[in-house]
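S.K.: structure, please.
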Amino acid sequence: MPTGLDIALAPEFLDEGSREERAAFGLFTIRANGLALTEGFDFFTRGYRPGPLVSGYHVAEWLAWNWWRLRWVPQSVSADWWRAHRMTSIGEGYVWPNLTIYSDGIRTALISRPSSRPDAKPFRYVGAHPSVIPAELFEQAVDAFIPQVMGRLRESGIGGSNLDLVWKDVLAERADPDLAKRRRIEALLGRDADEGDDNAVETLLADAGTLGAQAVDELAADHPQGGELLTAQALRTIAMHSGFEASLADIVRLKAVTGLSRPGDVPAWRVGAVAAKALRDQERLGIDPIANDLLAKMAGVPERALTYGRKTAARSGSVISFALDEGAAKSRVVLRSSWETSRRFELARLLGDRILNAGDARLFPATRSHTYRQKMQRSFAAEFLSPFEAVDAMLDGDYSEENRQDVAADFNVSEFTIRTLLVNHRRLEREELEEEEDTAAA
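M.R.: Now for the predicted structure:
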């Protein structure tokens, strides 16, 4: 299958509207991985077109204005998330593609749906299979399309447009490493540039120096999912009062692995699954369930960290699970859930995060967001605790919920974990489009 993204505008004539609108009017098409994402039925010509007749100026302006969010921000439950990620929000009187664009930081997903109304006029989109490309290719496509539109403006004698101003600012921000960090964090927080009068962005930028820039990005990406913004100081306080001491020397390490693809080349779940299988092979665990004492030992924490929950103590109060290293020898581990199966899964996520993100970072967060890093974690935990080979053999073709629950009990994981494994390995169909979107960008 061809890989790539092409955003194009073939010139057409328009005799009304603003100068910018008329100069950049044309046949607008988007093709990803060889698929036409803008194809539909044109009621004027009574036939199918690869795209609608619209003004590319409005598209370019929308892409420029939302560049940081489109490039870095994953799916979110934030109420206004759609405005920066769904092309239908462009407005300006045109029937825009029912296309959603978002990124997990490494890969960009383009979800093309049919028009919401089957009798939509004057252009009814037919939709296409979800497409996922390396985020760098999305950057390249936008970097090619916007200058193309600006060139059309120049040919019509138009200079100094709003598009010119916005795109100039974006390019300057991307060229400045410090400013780029700021814009990325603002986008992950769900904010426009320099929006808000609190010190949240300043605090996160400062925390990046001690916690690690990538870890802080994960905290920012989690914030729009609900809950307070976690700062380094807040994390230290939670870890002190609700965390368990972990010995860094006792945490198992993956000594060597073959078959791990470069992030971005494959879905995140594949990277996590390969790493989990490699660790099981290294530790000679076979495909048997992992008991609490062994899981705790491999993660360097006391076994009571997995049973310290619903029946024995109050919850940690933290909105995420995390490991926070205190020095060269010790760490504090906080598990969010009060349920044993969930605590096992969270601890396995943190173990996987260390393996997949080796470096000098002090914070290893397991959040609710859908970044590439979080999806690798979840896949690692699912495969490590409940190897697909064993799960598939035990189910033996019976993928009913009741059978999934029985298998989940054997591995001491949730039924949702088993179902996710089956969806990833195409044993189960995705039940809802939202699941399809999430898996498409996994």
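
S.K.: distance of the residue nearest to residue 228 when sequence neighbours are not counted from residue 82?
M.R.: Nearest non-adjacent residue to residue 228, counting by CB to CB, 6 or more residues apart in numbering: residue 319, 6.9 Å away. Quick note: C-beta positions are derived from backbone N, CA and C, even for glycine. Counting by CB to CB, to the nearest Å, the gap from residue 319 to residue 82 is 23 Å.

S.K.: for residue 63, same thing?
M.R.: 16 Å.

S.K.: got it, and residue 254?
M.R.: In this structure, residue 254 and residue 82 are 39 Å apart, going by CB to CB.

S.K.: pick out whichever of these two has more residues nearby.
M.R.: residue 254 (19 against 13; other CB atoms under 10 Å).

S.K.: in a helix, residue 408, correct?
M.R.: Yes. Secondary structure assignment places residue 408 in a helix (DSSP: H, G, I helix; E, B strand; the rest coil).

S.K.: do you know the pLDDT at it?
M.R.: According to the prediction, residue 408 has pLDDT 96.

S.K.: quick check: which helices or strands does whichever strand or helix holds residue 186 pack against?
M.R.: For residue 186, the element it lies in under DSSP states H and E is helix 177-188. Judged by 3 or more CB pairs under 8 Å, 6 or more residues apart in numbering; DSSP states H and E, helix 177-188 is in contact with helix 67-72, helix 162-175, helix 200-211, helix 213-222.

S.K.: residue 120 is nearest to which of these?
M.R.: Of all these, it is helix 67-72 that lies closest to residue 120, at 24.5 Å by CB to CB.

S.K.: how is the protein partitioned into domains?
M.R.: 5-173, 200-440 (automatic domain parsing).

S.K.: can you pull out the strands in the stretch 51-200 of the chain?
M.R.: Listed in chain order, the strands of the stretch 51-200 of the chain (DSSP state E, counting those that start in this stretch) span residues 53-55, 99-103, 107-112, 123-125, 131-134.

S.K.: circling back to that earlier point, for the domains of the chain, give me a markdown table that also has distance to residue 182.
M.R.: Listed next are the domains of the chain as a markdown table, based on distance: least, CB to CB, whole Å:
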| stretch | distance to residue 182 |
| --- | --- |
| domain 5-173 | 8 |
| domain 200-440 | 6 |
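
S.K.: now do the helix holding residue 186 and helix 213-222, the angle between them.
M.R.: An angle of 30 degrees separates the directions of helix 177-188 and helix 213-222 when computed by axes from the mean of the first three to the mean of the last three CA atoms, to 10 degrees.

S.K.: in this structure residue 16 contacts residue 22, no?
M.R.: Yes. Contact status for residue 16 versus residue 22: in contact at 7.4 Å, counting by CB atoms under 8 Å.

S.K.: those two: who's more crowded?
M.R.: The neighbour count for residue 16 versus residue 22, taken as other CB under 10 Å, is higher for residue 22 (17 against 7).

S.K.: now do residue 402, the pLDDT please.
M.R.: In the predicted model, residue 402 carries a pLDDT score of 95.

S.K.: next up, the contacts around residue 126.
M.R.: Neighbouring residues of residue 126 by CB atoms under 8 Å, 6 or more residues apart in numbering: 39-41, 48, 114.

S.K.: what's the most distant pair in the residues you listed?
M.R.: Between any two of these (CB to CB), the greatest distance is 13.0 Å, for 48 and 114.

S.K.: residue boundaries of the helices in the stretch 301-442 of the chain?
M.R.: Read by DSSP state H, counting those that start in this stretch, the stretch 301-442 of the chain holds these helices, from start to end of the chain: 304-307, 340-356, 372-385, 388-395, 401-411, 415-424, 433-440.

S.K.: residue ranges in the stretch 101-250 of the chain under the pLDDT threshold?
M.R.: Across the stretch 101-250 of the chain, residues meeting the criterion (pLDDT under 70) sit at 197.

S.K.: 90 instead?
M.R.: 116-122, 159, 192-200, 224-229 (pLDDT under 90).

S.K.: can you show me the strands along the stretch 251-400 of the chain?
M.R.: Taking DSSP E, counting those that start in this stretch as the criterion, the stretch 251-400 of the chain carries its strands at 321-325, 330-334, 363-366.

S.K.: which outside residues touch the first one?
M.R.: Residues from elsewhere that reach strand 321-325 (CB under 8 Å, 6+ apart): 235-236, 239, 243, 246, 248, 331-337, 346-347, 349-350, 353-354, 362-366.

S.K.: what does the second one give?
M.R.: When contacts are defined by CB under 8 Å, 6+ apart, strand 330-334 is touched by residues 238-240, 242-248, 299-301, 305, 316, 318, 321-326, 347, 350.

S.K.: again with the shortest one
M.R.: With CB under 8 Å, 6+ apart as the contact definition, strand 363-366 has outside contacts at 211-212, 215-216, 218-219, 222, 232, 235, 320-325, 336, 346, 349-350, 353-354, 357, 374, 377.

S.K.: list the strands paired with that strand, with their directions.
M.R.: When sheet partners are counted by DSSP bridges, strand 363-366 sits next to strand 321-325 (antiparallel).

S.K.: ok so, going back, now do the helix holding residue 186 against helix 200-211, angle only.
M.R.: Orientation of helix 177-188 against helix 200-211 (the same axes, to 10 degrees) gives an angle of 110 degrees.
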